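> I would like to see how this sequence folds:
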Amino acid sequence: MNVDQFDYELPREAIAQAPIEPRDASKLMVLNRQNGLIEHRIFREIKELLRPGDLLVLNRSRVIPARLFGVKKGTDTAVEMVLLTPKGEDRWEVLVRPGRRLKAGTTVEFGEDLQADIIDSTAFGGRLVKFRYCGDFDQLLEEKGQMPLPPYIERPLQKEETERYQTIYSKEKGSAAAPTAGLHFTPELLQDLKEAGVEIATVLLHVGLGTFRPVQAEKVEDHQMHAEFYQIDEEAAQAITKARQEGRRIVAVGTTVVRTLESVAALEKGAVKATSGWTDIFIYPGYNFQVIDGLITNFHLPRSTLLMLVSAFANRDTIMAAYEEAVQKDYRFFSFGDAMMII
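As a prediction, this is how the structure comes out:
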């Protein structure tokens, strides 16, 4: 399958540069994956689309201010570093610019109280670094770091705006990008859903390098995903298992939840059990879904693995037709954009 099959034309003005307020005022395209029928809604109306007994699964990962700006030690060379994956003992996998000047043995300084020693290059063009610091590392990140926004968002977030790039239910720090499907939920909307009989569970997947990597292969099958950490606790595993046994719908909020649930099911012969680990699952058309019955997601970049995932769930032609209609109807695309519910 050619990557070109997942390309589409998108006007620049369709790329959302700022979030809608309030969160649940964004548009919602409802796509029936069986017949391709489309309905246009507002996100808060999702409570009319979810049924009592549905299980809504959220990703509780929280974005860290992972973009740091420093200098190469002993020079005036400016360095940008994005933290991606913790490797233990103050070591992280990171992206760096300019990469060609940052070899093993180089030190990058972010002030007197924070330095990063480059240990090695990684398989995907990143670096393995070890941080040296005075004080609390998380606090230093809060003080020195910025939110690692995708390159298509052309304005930096002000400090007071950073919470808008977090879901309202985010808890555990570790993501290099937001699980954006969840940005549309408000506390009031979640409470309304609970009162209407919708059950809610959370899992964890820390969004990492895969979000930033374009697909460079010509053939979809040749692309290699980067591994990301996931965790399902006993409470979530039991809720998911019970819903499946009772024939209730499991609706994933975001592609990260899909990848988490499907990764565990693949390991456990279809079962979902409490576990944690690393997944590099790559879902594209032809994949046989084992867990989810519905998906809430944003509109994704052309030629991206996320577009391939939703095309696997709903059929490529159906998705591409829906995207064409979204452009015509002035939907807002990507991280701060509008949402789609596929059922």
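> wait, doesn't Ala265 sit right on Gln290?
Yes. Counting by C-beta atoms under 8 Å, a contact exists between Ala265 and Gln290, whose distance comes to 4.2 Å. C-beta: built from backbone N, CA, C; applies to glycine.
> these two: which is more packed in?
Set Ala265 next to Gln290 and count neighbours by other C-beta atoms under 10 Å: Ala265 wins out with 19 against 16.
> the more buried one: helix or strand, and which one exactly?
Element membership of Ala265 [criterion: DSSP states H and E] is helix 255-267.
> and whichever helix or strand comes after that helix, what does it pack onto?
Later in the chain than helix 255-267, the nearest helix or strand by DSSP H and E is strand 275-279. Helices and strands touching strand 275-279, as assessed by 3 or more C-beta pairs under 8 Å, 6 or more residues apart in numbering; DSSP states H and E, comprise strand 228-232, helix 255-267.
> what's in contact with strand 275-279?
The contact list for strand 275-279, computed with C-beta atoms under 8 Å, 6 or more residues apart in numbering, reads 204-205, 227-232, 237, 259-260, 263-264, 267-268.
> run the last query once more with 7 Å
Under the criterion C-beta atoms under 7 Å, 6 or more residues apart in numbering, residues 227-232, 259, 263-264 lie in contact with strand 275-279.
> distance between that strand and the chain's centre?
Put simply, strand 275-279 sits 16 Å off its chain's centre (C-alpha atoms, centre = their mean, to the nearest Å).
> got it, and stretch 247-261?
With C-alpha atoms, centre = their mean as the basis, the distance from the averaged C-alpha position of stretch 247-261 to the chain average is 13 Å.
> now that stretch: buried residues?
Taking 16 or more other C-beta atoms under 10 Å as the neighbour-count basis, stretch 247-261 is seen to contain the buried residues 248-261.
> quick check: end-to-end length of that stretch?
By C-alpha to C-alpha, to the nearest Å, the extent of stretch 247-261 from end to end equals 17 Å.
> what does stretch 144-163 contact?
For stretch 144-163, using C-beta under 7 Å, 6+ apart, the contacting residues are 15, 17, 63, 65-68, 82, 110-111, 114, 165, 176-177, 334-336.
> span of that stretch from start to end?
Using C-alpha to C-alpha, the gap from the first to the last residue of stretch 144-163 comes to 16 Å.
> stretch 43-51 now?
The separation between the terminal residues of stretch 43-51, taken as C-alpha to C-alpha, is 15 Å.
> name the residues of it that are buried.
Buried-residue list, stretch 43-51, by 16+ other C-beta under 10 Å: 43-44, 46, 49-50.
> hmm, what's the outermost residue in the chain?
Note on the chain: the largest separation between a C-alpha and the mean C-alpha position, by C-alpha atoms, centre = their mean, falls on Gly74 (36.8 Å).
> how is it assigned, secondary-structure-wise?
Here Gly74 takes the coil state, with states given by DSSP: H, G, I helix; E, B strand; the rest coil.
> so what pLDDT did it get?
Looking at Gly74, its pLDDT is 94.
> try Phe212
For Phe212, the pLDDT comes out at 64.
> shaky segments in the stretch 201-343 of the chain?
In the predicted model of the stretch 201-343 of the chain, residues 211-212 satisfy pLDDT under 70.
> how about CSV for the buried residues of stretch 247-261, with distance to Ile119 added?
Listed next are the buried residues of stretch 247-261 as CSV, based on distance: C-beta to C-beta, whole Å:
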residue, distance to Ile119
Arg248, 48
Arg249, 46
Ile250, 41
Val251, 42
Ala252, 36
Val253, 36
Gly254, 33
Thr255, 31
Thr256, 28
Val257, 33
Val258, 33
Arg259, 28
Thr260, 29
Leu261, 34
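> ends of stretch 80-96, what's the gap?
Stretch 80-96 end-to-end distance (C-alpha to C-alpha) = 6 Å.
> break this protein into its domains for me.
With domains defined by automatic domain parsing, the chain comprises 3-63+162-342, 67-144.
> single out the most deeply packed of these.
domain 3-63+162-342 (a mean of 18; mean count of other C-beta atoms under 10 Å).
> distance between it and the chain's centre?
Once both centres are worked out by C-alpha atoms, centre = their mean, domain 3-63+162-342 turns out to sit 8 Å from its chain's centre.
> one step back: contacts for the helix holding Ala265?
Counting by C-beta under 7 Å, 6+ apart, residues outside helix 255-267 touching it are 57-59, 179, 203, 205, 207, 230, 232, 252, 271-273, 275, 279, 281, 283, 289-292, 295, 297, 306, 309.
> quick one: that helix to strand 275-279, angle?
Taking axes from the mean of the first three to the mean of the last three C-alpha atoms, to 10 degrees, helix 255-267 and strand 275-279 form an angle of 110 degrees between their directions.
> next, the angle strand 228-232 makes with helix 255-267.
Note on geometry: by the same axes, to 10 degrees, helix 255-267 and strand 228-232 are set 70 degrees apart in direction.
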